[in-house]
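**Student:** Sharing a model that was predicted from the sequence below.
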Amino acid sequence: MSVYRSYINGEWIDSTSGRTAPNINPANIDDVIGTIELASREEARRAVEAAYNAFRGWKHTPAPARGRIVAKAARFMEDRKEELAQAITREEGKTISEARGEVQRAINVVEFCAGESRRMNGETIPSELPSNFAYTIYEPHGVVACITPWNFPVAIPAWKLAPALVAGNTVVFKPATLTPLTATLLTEIFVEAGVPKGVFNLILGSGSDAGDEIVNHPAVRAISFTGSTETGLKLYAQVAPRGVKVQAEMGGKNPVVVLEDCDMELAVESTAQGAFGSTGQRCTATSRAVVIDKVADEFVEKIVARAKSFTLGRGDDEKNHIGPSVDEGQFNTVLKYVDIGREDGAEMLCGGKRATGDGLENGYFIEPTVFDHVTADMRIAREEIFGPVLSVLRVKDFEEAMRVANDSEFGLSSSVFTNDTNLVYRFVDEIESGMTHINSPTTGGEAHVPFGGLKNTGLGAREQGSTSLDFYTEMKVVYVDYTGRKREGNLY
Ligand code: NAD
């Protein structure tokens with residue numbers, strides 16, 4: 001059995017906290033994959049200090065040289081692609097094909113960021129004065145904390161760590177405690193690629209303890225967080241008095257809007273993939289289907305049939321389509337929402353219970369669940385469930401569909417199913433989400449395209465694509481006067 005340790009100032013350390021946590025395969029709870037030595041507050045402090053001390057050297061390493069190290073990490077990820085994918089499936093539970101897709105996304109992001117190291121261009125600005133000009137340069141913040149959730153344990157860290165490092169920051173990486181194996185593999189990869197001592201630190205510890213110590217350390221100048229809205233907003237408020245930069249990507253309650261004229265097979269298949277794929281544990285998962293009354297019966301009949309057709313089981317068996325919830329807590333949360341949906345008067349048409357048979361009892365499997373006649377005020381229409389549960393809300397027309405789709409505190413992703421071009425663009429104009437999809441699932445995204453949400457889903461600069469480095473850099477403006485003379489009068 002493996003033991004996972006934190007990595008501080010170029011060394012894997014034995015924690016002195018005396019506290020451990022098991023890493024358990026959610027598809028088979030008898031499979032204890034390893035033990036985490038949970039970092040103490042003191043160790044978290046040491047990690048921040050190591051990053052602080054390494055900052056000047058890394059900042060002054062030319063950006064393309066930093067990029068070469070990051071490019072090497074991408075190559076090592078490619079070499080270890082299958083190992084990373086198997087690790088994701090074993091500790092997080094998603095199917096192996098989903099895990100391979102996640103690793104490929106991570107490789108793409110890291111490659112993209114390595115290329116950005118040669119494009120950290122500023123602008124040259126002509127002056128109102130003769131023999132004067134101004135220019136801009138981009139500089140790193142210093143120590144950046146990268147705090148990540150368990151649901152994309154390779155891709156999300158990759159899309160924070162790579163741009164942070166390329167921009168010249170040093171990092172303290174604090175992954176979720178449920179996914180220490182993938183965090184350890186990623187750290188090994190960056191270390192092997194050549195990040196200098198202190199530039200990359202890993203803290204395996206609980207959020208409320210080691211995580212809290214990191215975010216409250218005065219040397220941390222920026223925090224890139226992905227996780228729940230509750231935690232993200234709390235962190236934001238906590239560090240605001242220090243003027244710390246925060247980028248937070250948080251919860252979602254993503255709607256598909258199904259209009260009368262749509263290709264129904266496409267709408268049903270895409271909704272099913274978005275709602276039940278990755279066990280509904282994606283921030284971009286489809287959790288609400290807002291369907292025009294006239295076609296709602298047909299949609300509901302087909303989506304229920306599709307929900308029942310999925311095979312649940314261990315992710316490493318290629319025949320299975322849907323894996324387990326990540327742990328007992330998440331499993332119980334999903335079942336709690338099933339009860340809430342019923343109590344609030346929604347009509348449950350399938351699923352809603354633990355899946356049994358074929359050894360499924362040993363894991364946290366829940367049957368794909370569809371609720372019909374959900375109304376916008378019900379909790380299952382408002383709160384993030386993070387499980388394979390779809391709520392169908394019936395509406396009379398496009399206007400009502402938009403009102404219902406936008407009636408949410410979240411705004412990450414969305415999609416519309418229609419063949420009417422005018423309605424497509426009215427939808428794009430009116431939908432309140434950071435990303436939207438036309439005739440395709442709410443899930444998915446590409447490495448070179450910006451990613452992020454509105455409202456209580458997203459704070460700060462967007463991640464990935466052309467915006468990858470925005471959060472990780474500050475602009476410096478430089479005025480140059482090459483007249484060699486005292487200035488006559490003031491320029492403002
Ligand atoms: P979480 O908020 O419980 O934890 C996220 C991370 O924050 C973990 O590493 C945790 O240890 C850490 N943390 C918790 N409390 C902390 C504290 N006080 N100080 C410092 N760190 C702390 O989220 P989770 O359960 O791991 O992930 C699921 C959530 O992530 C869902 O809400 C999902 O929507 C969201 N998510 C959002 C996106 C996005 O891009 N919008 C992507 C993936 C996941």
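**Tutor:** Looks like it came in fine. Numbers count the residues shown, from 1 in each chain.
**Student:** For the rest of this, base every contact and every neighbour count on C-alpha atoms.
**Tutor:** Will do.
**Student:** was I right about residue 201 contacting residue 47?
**Tutor:** Yes. Counting by Cα atoms under 8 Å, residue 201 sits close enough to residue 47 to count as a contact (6.0 Å).
**Student:** Overlap in contacts, these two.
**Tutor:** With contacts taken as Cα atoms under 8 Å, 6 or more residues apart in numbering, residue 201 and residue 47 have 8-9, 172 as neighbours in common.
**Student:** which SS state does residue 272 fall under?
**Tutor:** Under the three-state scheme (DSSP: H, G, I helix; E, B strand; the rest coil), the conformation of residue 272 reads as helix.
**Student:** who touches it in this structure?
**Tutor:** The neighbours of residue 272, taking Cα under 8 Å, 6+ apart as the test, are 303, 306-307.
**Student:** Format those residues as TSV; extra columns: neighbour count, distance to residue 24 and secondary structure.
**Tutor:** Listed next are the contacts of residue 272 as TSV, based on neighbours: other Cα atoms under 10 Å; distance: Cα to Cα, whole Å; DSSP: H, G, I helix; E, B strand; the rest coil:
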residue	neighbour count	distance to residue 24	secondary structure
303	24	32	helix
306	16	30	helix
307	24	27	helix
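**Student:** So which of the residues you listed is the closest to the ligand?
**Tutor:** Comparing the contacts of residue 272 against the ligand with Cα to the nearest ligand atom picks out residue 307 as the nearest, at 21.8 Å.
**Student:** residue contacts, residue 223?
**Tutor:** Here residue 223 is in contact with 144-147, 215, 244-247 (Cα under 8 Å, 6+ apart).
**Student:** CSV for the contacts of residue 272, including pLDDT and distance to residue 392?
**Tutor:** Listed next are the contacts of residue 272 as CSV, based on pLDDT from 0 to 100; distance: Cα to Cα, whole Å:
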residue, pLDDT, distance to residue 392
303, 98, 10
306, 98, 14
307, 98, 13
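**Student:** Just the closest of those to residue 264, please.
**Tutor:** The nearest member of those to residue 264, counting by Cα to Cα, is residue 303 at 10.1 Å.
**Student:** So residue 417 sits against residue 267, correct?
**Tutor:** Yes. Under the criterion of Cα under 8 Å, residue 417 lies in contact with residue 267, with a separation of 5.9 Å.
**Student:** which residues do the two both contact?
**Tutor:** 258, 439-440.
**Student:** where exactly do the strands run in the stretch 201-350 of the chain?
**Tutor:** Ranges of strands within the stretch 201-350 of the chain are 220-226, 245-249, 254-258, 286-292, 347-350, based on DSSP state E, counting those that start in this stretch.
**Student:** Now look at the first one and say if it contacts the ligand.
**Tutor:** Yes. Contact between strand 220-226 and the ligand is present through residue 226 (criterion: Cα under 6 Å from any ligand atom).
**Student:** between that strand and strand 245-249, how many degrees?
**Tutor:** Direction vectors for strand 220-226 and strand 245-249, defined by axes from the mean of the first three to the mean of the last three Cα atoms, to 10 degrees, enclose an angle of 10 degrees.
**Student:** Over to the third one?
**Tutor:** Here strand 254-258 runs at an angle of 50 degrees relative to strand 245-249 (the same axes, to 10 degrees).
**Student:** hmm, back to that, among the contacts of residue 272, pick out the one closest to residue 281, please.
**Tutor:** Nearest to residue 281, judged by Cα to Cα, of these is residue 307 at 15.9 Å.
**Student:** Please name the nearest non-neighbouring residue to that closest one.
**Tutor:** If the residues on either side of it in the chain are set aside, residue 307 comes closest to residue 368, at 5.6 Å by Cα to Cα, 6 or more residues apart in numbering.
**Student:** what's the neighbour count on that neighbour?
**Tutor:** When counting by other Cα atoms under 10 Å, one arrives at 30 neighbours for residue 368.
**Student:** starting at the chain centroid, how far to stretch 280-299?
**Tutor:** Distance of stretch 280-299 from the chain centroid (Cα atoms, centre = their mean, to the nearest Å) equals 22 Å.
**Student:** An error on my part: the question was meant for stretch 325-333.
**Tutor:** Relative to the centre of its chain, stretch 325-333 is centred 19 Å away, using Cα atoms, centre = their mean.
**Student:** And it, what's buried?
**Tutor:** For stretch 325-333, the neighbour count (16 or more other Cα atoms under 10 Å) marks 325-327, 330-331 as buried.
**Student:** list the contacts for the closest residue to residue 331 other than its chain neighbours?
**Tutor:** The shortest distance from residue 331 to any residue that is not its chain neighbour, by Cα to Cα, 6+ apart, is 5.4 Å, and that residue is residue 325. Applying Cα under 8 Å, 6+ apart, one finds that residue 325 lies in contact with 26, 93, 279, 281, 331, 364-366, 387.
**Student:** Those residues in helices, which ones?
**Tutor:** Using DSSP state H, the members of the contacts of residue 325 that fall within helices are residue 331.
**Student:** tell me the pLDDT at the spatially closest residue to residue 386 that is not a sequence neighbour?
**Tutor:** Nearest residue to residue 386 in three dimensions, chain neighbours excluded: residue 281, at 4.9 Å (Cα to Cα, 6+ apart). Predicted confidence (pLDDT) for residue 281: 98.
**Student:** residues touching residue 281, list them.
**Tutor:** With contacts defined as Cα under 8 Å, 6+ apart, residue 281 is in contact with 151, 325, 386-388.
**Student:** run the last query once more with 7 Å
**Tutor:** Residues in contact with residue 281 (Cα atoms under 7 Å, 6 or more residues apart in numbering) are 151, 386-387.
**Student:** Tell me which residues touch residue 3, please.
**Tutor:** Each residue near residue 3 by Cα under 7 Å, 6+ apart is listed here: 34-36.
**Student:** excluding its backbone neighbours, what's nearest it?
**Tutor:** When the adjacent residues along the chain are set aside, residue 3 lies closest to residue 35, with 4.9 Å between them (Cα to Cα, 6+ apart).
**Student:** same thing with residue 183?
**Tutor:** Taking Cα to Cα, 6+ apart as the measure, residue 183 lies nearest to residue 175, with 6.6 Å between them; neighbours along the chain are not counted.
**Student:** What of residue 409?
**Tutor:** In space, residue 409 comes closest to residue 456 once its chain neighbours are excluded; the distance is 5.7 Å by Cα to Cα, 6+ apart.
**Student:** Could you check how many residues crowd around that neighbour?
**Tutor:** 21.
**Student:** go on, residue 295?
**Tutor:** The number of residues packed near residue 295 is 16, by other Cα under 10 Å.
**Student:** That one contacts residue 260, doesn't it?
**Tutor:** Yes. With contacts counted by Cα atoms under 7 Å, residue 295 reaches residue 260, the gap being 6.0 Å.
**Student:** The residue of the stretch 251-400 of the chain found nearest the ligand and residue 386: what is the separation?
**Tutor:** Among the residues of the stretch 251-400 of the chain, residue 251 lies nearest to the ligand; the distance is 3.4 Å by Cα to the nearest ligand atom. Relative to residue 386, residue 251 is positioned 9 Å away (criterion: Cα to Cα, to the nearest Å).
**Student:** got it, and residue 460?
**Tutor:** For residue 460, the distance to residue 386 (Cα to Cα) stands at 23 Å.
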